[in-house]
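*Asks:* give me a 3D structure for the following:
(chains A and B)
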Amino acid sequence: MLLWAAGAAAQNPTAYFMEGSTFRTQFNPAFAPLRGYVNIPFVGSMQAGITNNLPLSKLLYPRDGRLVTLLDPSVSADEALAGLKTNNLLGTEVRMGLIGFGKFTKNHKNFWSFDLNLRTNAEINVPGALFEFIKRGDAGSIRNLGLEAEMYADAGVSYSFPLLGDKLYVGAKAKFIVGLARAKVNFDRMDITLHDDRWAVEAQGSIEANIPGAEVNYRYDDNGQLYFESDDIEINKIKPAGYGFAVDLGATYEILPGLQASLAVTDLGFISWSKTNTVSGRAETSVEYTGITIENGETTSSPDFSLDDLKQFRPIEAKGSARALQASVNAGLEYFMWNHRVGFGLLYQARFREFKTLHSVTGSINFSPIRWFTLSGSYTAGSGMGAFGLALNLCPGWINFFVGTDLVTARFTPQFVPVSQKSMNVTFGLGIPLGRRSHRVAEYVRASDRK
Amino acid sequence: MKKLLFLCLLGMLSASCIDKEYDLTGIDTDGIAVGDATSRFTVPLVTVTVALDDIHDSEGSLQEMLDEADIWLPSQLPGGAEYVDFARLYVDDAYLGELTGALVEEMGRSDERLNKVADLAWRSYKKDFLALLGLSEASADKTRFKAAFVKLFATNAALRQQTEASARKYLQLLNVSDLSYELGSLDLGEVLDMLTENLDPQGTVDPVNTLSIEGKVESTLPLSMRLLPAFTPTGLELSPFTIEVDATMDVPPTRIYAEDLRALANASNVKIVVPVELQKYYPGRTLDPRPISIRLSMVKTGPLHL
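*Replies:* Take a look at the predicted model:
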């Protein structure tokens, strides 16, 4: 539930087709805003989002004045299980731009930028088989019950430029990454047996935490074996725990006058987490309850059933590991009309998450009645999505302001978490424009920009 | 421009709303449970494999008891019956007389039966017969005893009466001691709370959340028996049930409550004591060394509290 409250997904798809926005380069480094900019530190570029593949209304149910979870007996199994997936993903991303600036070169077409961001991702995967077990009370075979969270900072330099007589723009962004912390707990296998003569839980899981300065308070079990639980890891300070590198690669191509295609892959890279900052453990637990068996007058087995055993991880040798970032593929098609004042766009996104790849398609309409004002509306459908979005970009001479959200038509909790919508995104940007307007789009160029 | 922004804002506000039913500050997680009102969970409690030697009386094992019973009973039961009805045997003297009468009648025409009884009389009832056979304890040996018994049986009415009396006494007193097994402590761990947390109280009409002890019993014995299991020291008694001959039977459910199970779980030296009442006996069948298996389970209806 903390994830719901943690924030609202990075990369609001409504911003993809908004030409004035400085956020566009995050989707595709071949894009550029209308003018150079300097973001206001810390508040200049903020994005937060939740990306799930089931809405809050599938997890919580109002019942006689109470708000209960789908695990409450008042929610029938049929009602609770309807709409749940094989893998139910709850994910949140927060990206805070600490520093950001960009500028066109003298030809007003080549664009370079630098930004420094703090990024946090967290993801929980709850297999449908777990809910099935709880609601139906039958035996369960649960796979990939897991949680992963990571925090890192990236510093990136991007550059884009035209080719083929301005029909093709290509761009690249190189990012140096400092890993701050990462943790993953995953139960690969959890088999639950509820036979008349035997109740048993057999589980295999692992924990891996890359946390600098972490101290583990190890404990001993009844057999003198060393173990620890996730609560036993103490975090004393935040400092680099790994380093990495990533690139964003992109291109745009004008197929026909007014019709532009774009393609990019972002966050293609890794973080190498150091061995010295790694805590690793493995849990292979078998908890069984068979009752008492008496044969030949002797008690041959006794019951012993404690689910606490499932939380115990045996320490294993820590290894440094290189972990891929959560990359995305963005492919767009956009058509402009009425002197570039109206645009229609179609965006396909594939986001490669830890437990599942999410696919979505966004349709967008963009109005730019005056050149420094753009309003975009969108609808996104697909895994993790299903929402109307609205974004506004103001770029008069002295300010660069952007706000976008897909919480337009949502029904909210009093804490502003959407009830029926699977995702939510809030994007906010504030900066100061720099230099003259880009010459990439002829319709936007004023006479003063040609000087 | 201002009008346009105002209209946009108004549009957003009109299209979205706060649903107070989904106030995340008041999520009720107390009732989280596995299963629903229609669920039925069977939790193993105790499985007892009863060995033949476990069943005995103060004199000897069940094997020995039935071996002797087979000698005191006629080969063909009166009226062509397949079994001896112990319930009648204890209270119906005429029925007992029919059995022993048939035995004496068989001994009169069957040397084999006569010899078996003579042999048994020498082994276990010598003193009752010595005077009737004209023997003293000092002069009697097995050969002389048996020879005298066989020779005099047809003509000596007192010998026949004593034979019948010995058979009556044995068959009437035929019974077995209580079965008793040490369970030790019943460490149910977290299962205890899962089973007892949401039970409906006694007297609830149409209860959903109930707990009972029930099970199955298998027997290969040629005996039908009525068992009355009880757990000590808690005093928890199960509904009595009858084991039929060579059959698998359900143990009828005995509803228990949270305090019953908690008392059982808290006791340090739990025993299961099973008084046995013999019901029917099918003579002449062989006995399995592990003739009875009793499996008792706790059955929880309704969801399991987590």
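
*Asks:* next SSE downstream of whichever helix or strand residue A:124 is part of?
*Replies:* Taking DSSP states H and E as the definition, one finds residue A:124 inside strand A:111-127. Beyond strand A:111-127 on the C-terminal side, the first helix or strand identified by DSSP H and E is helix A:128-136.

*Asks:* how many neighbours does the closest residue to chain B within chain A have?
*Replies:* Of all residues in chain A, residue A:137 sits closest to chain B, with a separation of 2.8 Å (C-beta to the nearest C-beta). Placement of C-beta: from N, CA and C, glycine included. Look at residue A:137: counted by other C-beta atoms under 10 Å in any protein chain shown, it has 22 neighbours.

*Asks:* pretty sure it contacts residue B:302?
*Replies:* No - with contact taken as C-beta atoms under 8 Å, residue A:137 and residue B:302 are classed as non-touching, separated by 9.9 Å.

*Asks:* shared neighbours of these two, which are they?
*Replies:* B:35-36, B:39 (C-beta atoms under 8 Å, 6 or more residues apart in numbering or on different chains).

*Asks:* below-threshold pLDDT in the stretch 201-350 of chain A: ranges please.
*Replies:* Flagging of the stretch 201-350 of chain A using pLDDT under 70 yields the residue ranges A:238, A:301-306.

*Asks:* phi, psi of the most centrally placed residue in chain A?
*Replies:* Compute the mean C-alpha point of chain A, and by C-alpha atoms, centre = their mean the closest residue is residue A:93, 4.2 Å away. Backbone dihedrals for residue A:93, given as degrees, to the nearest 10, come out at phi -140, psi 140.

*Asks:* contacts only, for residue B:51.
*Replies:* Residue B:51 is in contact with A:295-297, B:289-290, counting by C-beta under 8 Å, 6+ apart.

*Asks:* how close does the residue of the stretch 51-200 of chain B found nearest chain A get to residue A:368?
*Replies:* Ranked by C-beta to the nearest C-beta, the top residue of the stretch 51-200 of chain B for proximity to chain A is residue B:189, at 3.9 Å. With the distance defined as C-beta to C-beta, to the nearest Å, residue B:189 ends up 67 Å from residue A:368.

*Asks:* more neighbours, the two?
*Replies:* Ranked by neighbour count (other C-beta under 10 Å), residue B:189 and residue A:368 place residue A:368 first, with 24 against 16.

*Asks:* now do the contacts for that one.
*Replies:* Contacts of residue A:368 were listed using C-beta under 8 Å, 6+ apart, and they are A:19-20, A:340-343, A:374-375.

*Asks:* which residue, neighbours along the chain excluded, lies closest to whichever residue of the stretch 1-150 of chain B sits closest to chain A?
*Replies:* Among the residues of the stretch 1-150 of chain B, residue B:35 lies nearest to chain A; the distance is 2.8 Å by C-beta to the nearest C-beta. The spatial neighbour of residue B:35 that comes closest, neighbours along the chain excluded (C-beta to C-beta, 6 or more residues apart in numbering or on different chains), is residue A:137 at 2.8 Å.

*Asks:* quick one, phi/psi of that neighbour?
*Replies:* The phi and psi values for residue A:137, taken as degrees, to the nearest 10, are phi 80, psi 10.

*Asks:* can you check residue B:144 too?
*Replies:* Torsion angles at residue B:144 (phi, psi; degrees, to the nearest 10) stand at phi -70, psi -40.

*Asks:* wait, it sits on residue B:135?
*Replies:* Yes - counting by C-beta under 8 Å, residue B:144 does reach residue B:135; the two are 6.5 Å apart.

*Asks:* between those two, which one's more packed in?
*Replies:* Between residue B:144 and residue B:135, counted using other C-beta under 10 Å, residue B:135 has the larger neighbour count: 17 against 13.

*Asks:* please look at the more buried one and residue B:147 and confirm they touch.
*Replies:* No - judged on C-beta under 8 Å, residue B:135 makes no contact with residue B:147 at a distance of 10.2 Å.
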